[in-house]
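**Student:** predicted model and sequence follow; I will ask about them next.
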Amino acid sequence: MSRILVVDDEPAISWSLRERLVDEGHAVDVAASAEAALETCARFPPDAMLLDVRLPGRDGLTALPDLQSLAPAARIVVMTAFGDLDTAVRALKAGAFDYLVKPFDLERAAEVVGRALADAPQGTPSEQPAAMPGPGPRIIGTSPPMQDVFKQIALVAATDLPVLITGPTGTGKDLAARAIHAHGPRRDRPFLITSLAALAPSVIESELFGHVRGAFTGAIADRQGLFELAAGGTVFLDEIGEAPPDIQVKLLRVLEQHEITRVGSAMPQRVDVRVIAATNRDLPAAIAAGGFRGDLYHRLNVFPITMPPLAARLTDLPALVAAFVAQCPAPRPVVTAGFLDAVRARPWPGNVRELEHAVAYACVVARGSALQPEHLPPGMAGDEAAAGGTNDGVKRAVRAWVADHWPAASTDAGNLHERLVDLVESELVEEALARVAGNRTAAARFLGVDRATLRARLGR
């Protein structure tokens, strides 16, 4: 039996967590404030702790180091209803094992506590709370996929590991790279970015590694490349999948030997930089096709981060729209419910970047009046046809299914309705859960059913 302390000032949450964890066979105590938790630790040394951030009096994150000193063996899981990148960084840098964003499933909480209990303590907690990093780029989102991204950024920022950020165009890979740099130990050193897709093949080597005078026509003086200019800082290589084969070899040397050689020189130079790369290409497929080096991929992919498409984080739409409206020149328009509904109905193949441009367009067209659906830019070619085509596709699929499953004789009893509804409902539930990273509470809300109904559906 493990001892677990729940620290939360909301009685319903504390009761629910205690009931769930007691069912798991644990001994559970609760505290409604950080001060009460410190007193409880003296008589009830916990093996794990669920700690809310917003508490009456002292908040959970500032109390975390003191709780660690009283219960050094306890793994602490932070809970918050306001999950953002700064919270993730503060929690993990202060020594939290993990963090949960409210509302969360009790099953999810029990799973995290189970992992915390299975994880042995590693070293002595720091005596002082970690300093909050300076303000960095703002990545907007509270959806489960973005919480995973925040957690990954918080974990890897404090290290010097190479990072490979993947995801579709327009998902914010550059913001993730900037956030890693801004929350890391190199934050006071340069952060330099280049897009390999935007550079002509003939100048990529010189741009990255520099050249010496006379190396080629027009090289009238020595010139530092990106890796030298970023000394002590971070180099962000966007569109790494477009790197020519000869550049891939030289990048591999940077990662393995921490050396570069200027164009026209035979003398290698040591460089001290962190490398973050990004791509929207399928690099394993490119490796199989011979277009990308496998050894370079594995050196870059030490810590992978995948940015989710906008379709996988639709709960972030209101916050994203509000943030983009705030960037518009005054007078800033009010966002109507109809406008948000129209935004939700669009496919957004260009993801967050396309949404940002669409909101900027709408602000100009609205001229300070409330944003309405008609203020959005005209749909991309084929949007209307695609919308109609979706319904047509459903009709065709149903007709084909019925044709394949129609009873062989008119006297045969059939259950087509039950079978088709069961099939469609299963697909709908699976898709909803996939879009919210398995969060059953969120899936039930979007489906318009209560959690008991969803649980029953999953049970079947």
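**Tutor:** Arrived safely, thanks for sending.

**Student:** V273: neighbouring residues, count only.
**Tutor:** 23 (other Cβ atoms under 10 Å). All C-beta atoms are positioned from the backbone trio N, CA, C, and that covers glycine.

**Student:** show me the contacts for it.
**Tutor:** 227, 230-235, 254 (Cβ atoms under 8 Å, 6 or more residues apart in numbering).

**Student:** which among those residues end up buried?
**Tutor:** Buried by 16 or more other Cβ atoms under 10 Å: 227, 230, 233-235, 254, out of the contacts of V273.

**Student:** closest to R274 among those residues?
**Tutor:** T234 (4.5 Å; Cβ to Cβ).

**Student:** what's that closest one sitting at in phi/psi?
**Tutor:** Dihedral angles of T234 (phi, psi; degrees, to the nearest 10) stand at phi -130, psi 140.

**Student:** kindly report the same for D52.
**Tutor:** Here D52 shows phi and psi, under degrees, to the nearest 10, equal to phi -80, psi 150.

**Student:** do the one 3 residues further on as well
**Tutor:** L55 has phi and psi values of phi -130, psi 160 when expressed as degrees, to the nearest 10.

**Student:** circling back: now, which of the contacts of V273 lie within helices?
**Tutor:** Within the contacts of V273, residues falling in helices by DSSP state H are 227, 254.

**Student:** how about the contacts of V273 in JSON lines, adding pLDDT?
**Tutor:** Supplementary listing: the contacts of V273 in JSON lines, determined by pLDDT from 0 to 100:
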{"residue": "F227", "pLDDT": "93"}
{"residue": "A230", "pLDDT": "91"}
{"residue": "A231", "pLDDT": "91"}
{"residue": "G232", "pLDDT": "94"}
{"residue": "G233", "pLDDT": "94"}
{"residue": "T234", "pLDDT": "95"}
{"residue": "V235", "pLDDT": "94"}
{"residue": "V254", "pLDDT": "93"}
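
**Student:** if we can go back for a sec, pull the most distant pair out of the buried ones among the contacts of V273.
**Tutor:** Top of the distance list for the buried ones among the contacts of V273 (Cβ to Cβ): G233 and V254, 14.0 Å.

**Student:** all strands of this structure, in order?
**Tutor:** Using DSSP state E, the strands found in the chain span residues 3-7, 27-31, 48-52, 75-80, 98-101, 163-166, 191-195, 234-238, 259-261, 268-270, 274-279, 303-306.

**Student:** give the pairing partners of the first one; include direction for each.
**Tutor:** According to DSSP bridges, strand 3-7 has the following sheet partners: strand 27-31 (parallel), strand 48-52 (parallel).

**Student:** before we move on, the earlier item: out of the contacts of V273, who's nearest A118?
**Tutor:** Of the contacts of V273, the one sitting nearest to A118 (Cβ to Cβ) turns out to be T234, at 34.4 Å.

**Student:** what does the pLDDT read for the most centrally placed residue in the chain?
**Tutor:** With distances taken as Cα atoms, centre = their mean, V149 lies nearest the centre of the chain, 2.4 Å away. pLDDT for V149: 92.

**Student:** tell me the domain ranges of this structure?
**Tutor:** Annotated domains of the chain cover 3-118, 144-306, 310-375, 383-405+414-459 [automatic domain parsing].

**Student:** just put those in a markdown table and tack on distance to R138.
**Tutor:** Formatted as a markdown table, the domains of the chain follow (distance: least, Cβ to Cβ, whole Å):
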| stretch | distance to R138 |
| --- | --- |
| domain 3-118 | 8 |
| domain 144-306 | 8 |
| domain 310-375 | 8 |
| domain 383-405+414-459 | 22 |
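
**Student:** looking at the ones you listed, which one has the lowest mean pLDDT?
**Tutor:** If you rank the domains of the chain by mean pLDDT, domain 383-405+414-459 sits at the bottom with a mean of 73.

**Student:** quick check: I165 vs L92, distance?
**Tutor:** 19 Å (Cβ to Cβ, to the nearest Å).

**Student:** can I get the strands of the chain in a markdown table with distance to T336?
**Tutor:** Shown next, in a markdown table, are the strands of the chain (distance: least, Cβ to Cβ, whole Å):
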| stretch | distance to T336 |
| --- | --- |
| strand 3-7 | 40 |
| strand 27-31 | 43 |
| strand 48-52 | 35 |
| strand 75-80 | 30 |
| strand 98-101 | 28 |
| strand 163-166 | 35 |
| strand 191-195 | 37 |
| strand 234-238 | 36 |
| strand 259-261 | 54 |
| strand 268-270 | 58 |
| strand 274-279 | 35 |
| strand 303-306 | 33 |
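
**Student:** closest to T453 out of these?
**Tutor:** Comparing those under Cβ to Cβ, the one sitting nearest is strand 98-101, at 23.4 Å.

**Student:** tell me how many other residues crowd the closest residue in space to V398 that isn't next to it in sequence.
**Tutor:** Distance criterion Cβ to Cβ, 6 or more residues apart in numbering; nearest residue to V398, sequence neighbours excluded, is L420 at 7.3 Å. Residues lying near L420 (other Cβ under 10 Å) number 14.

**Student:** quick revisit: higher neighbour count, I165 and L92?
**Tutor:** I165 (29 against 21).

**Student:** tell me the bridge partners for that one.
**Tutor:** Applying DSSP bridges, one finds that I165 bridges with A278, I305.

**Student:** for it, what are its contacts?
**Tutor:** Applying Cβ under 8 Å, 6+ apart, the residues near I165 are 173, 176-177, 276-279, 304-307.

**Student:** distance-wise, check it relative to L314.
**Tutor:** The value you get for I165 to L314, if Cβ to Cβ is used, is 22 Å.

**Student:** likewise for M307?
**Tutor:** 15 Å.

**Student:** show me which of the two is the more surrounded one.
**Tutor:** Between M307 and L314, counted using other Cβ under 10 Å, the more crowded position is M307 (25 against 15).

**Student:** how about the more buried one: what's its closest non-neighbour residue?
**Tutor:** Here the residue nearest M307, using Cβ to Cβ, 6+ apart, is G167, at 3.2 Å.

**Student:** let me see the backbone angles for I139.
**Tutor:** phi -100, psi 120.

**Student:** before we move on, back to that, what's the closest of the strands of the chain to L61?
**Tutor:** strand 75-80 (7.2 Å).

**Student:** contacts for the closest one next, please.
**Tutor:** Contacts of strand 75-80 (Cβ under 8 Å, 6+ apart): 8, 47-54, 60-61, 64, 67-68, 87, 91, 95-102, 104, 109, 112-113, 116-117, 119, 121.
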